[in-house]
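Participant: Have a look; sequence and predicted model below, questions after that.
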Amino acid sequence: MTRLSVNINKIATLRNARGGNNPDLIKVAIDCEQFGAQGITVHPRPDERHIRYADVHALKKVVKTEFNIEGYPDDRYMKLIGEVKPAQATLVPDKPDAITSNAGWDTVRNAALLQDVISELKKTGVRVSVFVDPNTHMVEGAKKAGADRIELYTEPYASQYHHDKKKAVQPYAIAAATAQRIGLGINAGHDLDLHNLKYLQQSIPYLDEVSIGHALISDALYFGLENTIQLYLRQLE
């Protein structure tokens, strides 16, 4: 079964809008796990506009499932991973002012950087995943750089899904097949929701994990958090 990791960035965004501690990010993470989520994902950014670096340390003390920390591998991120030692570090190529992740790594052009970063991260015993577009060359580059997994950037799939879902998923199925053949684990994330998730999972039956935040938290406004997590888990059965 593909595991569901809940990205709680949006909970932190809501909290930060008014200051204080409502909603309580730590309680939400604990609740997500109790409601069935098999992982918690965060993506702290340099300006701490949602997840704060202090949140990451606090979450490490309570998260009992897989803790996944996304980010660009600058000095602060590398130091954070070394201190927290999550189950997984997901490397993204975002610029500091990016609103959200919008492209995968060029693992060929950035081969030297990724090799150095991944080598350093593995010294801490952390599993390393590299955020990539559905391109076999980028997948192969991630493997050469030493990654344990890739995370397929699924926004293009989500955008095209309602127009032609078979065409939308084709490059992902090909990229995933390449990853499986060369021994990489496969994650996926970005704009996955209750409409498009099941088809992606059926098309990539060896998908290890999906990381979902924005759509899941938005759905929770209508369905409640516990029910929403159950709805997403059913899509992955």
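Facilitator: Looks like it came in fine. Numbers count the residues shown, from 1 in each chain.
Participant: in this structure, which residue is closest to the centre?
Facilitator: Geometric centre of the chain, nearest residue: Ser211, 4.2 Å, by Cα atoms, centre = their mean.
Participant: Confirm that that residue sits in a strand.
Facilitator: Yes - assigned with DSSP: H, G, I helix; E, B strand; the rest coil, Ser211 falls within a strand.
Participant: Contact partners for it?
Facilitator: Ser211 sits next to Ser5, Val6, Asn7, Gly39, Thr41, Asn68, Glu70, Thr90, Glu151, Asn187, Ala188, Gly189 when contact means Cβ atoms under 8 Å, 6 or more residues apart in numbering. (Each C-beta comes from the backbone N, C-alpha and C, glycine too.)
Participant: Who are the contact partners of Gly189?
Facilitator: Gly189 sits in contact with Asn7, Thr41, Glu151, Leu152, Tyr153, Thr154, Val210, Ser211, Ile212, where contact means Cβ under 8 Å, 6+ apart.
Participant: Show me where this structure has its helices.
Facilitator: Per DSSP state H, the chain carries helices over the ranges 9-18, 25-34, 53-60, 75-84, 111-122, 136-145, 155-160, 165-181, 197-203, 214-223, 225-235.
Participant: And the last one, how far out from the chain middle?
Facilitator: Distance of helix 225-235 from its chain centroid, counting by Cα atoms, centre = their mean, to the nearest Å, is 17 Å.
Participant: Mean confidence (pLDDT) on it, please.
Facilitator: For helix 225-235, mean pLDDT rounds to 98.
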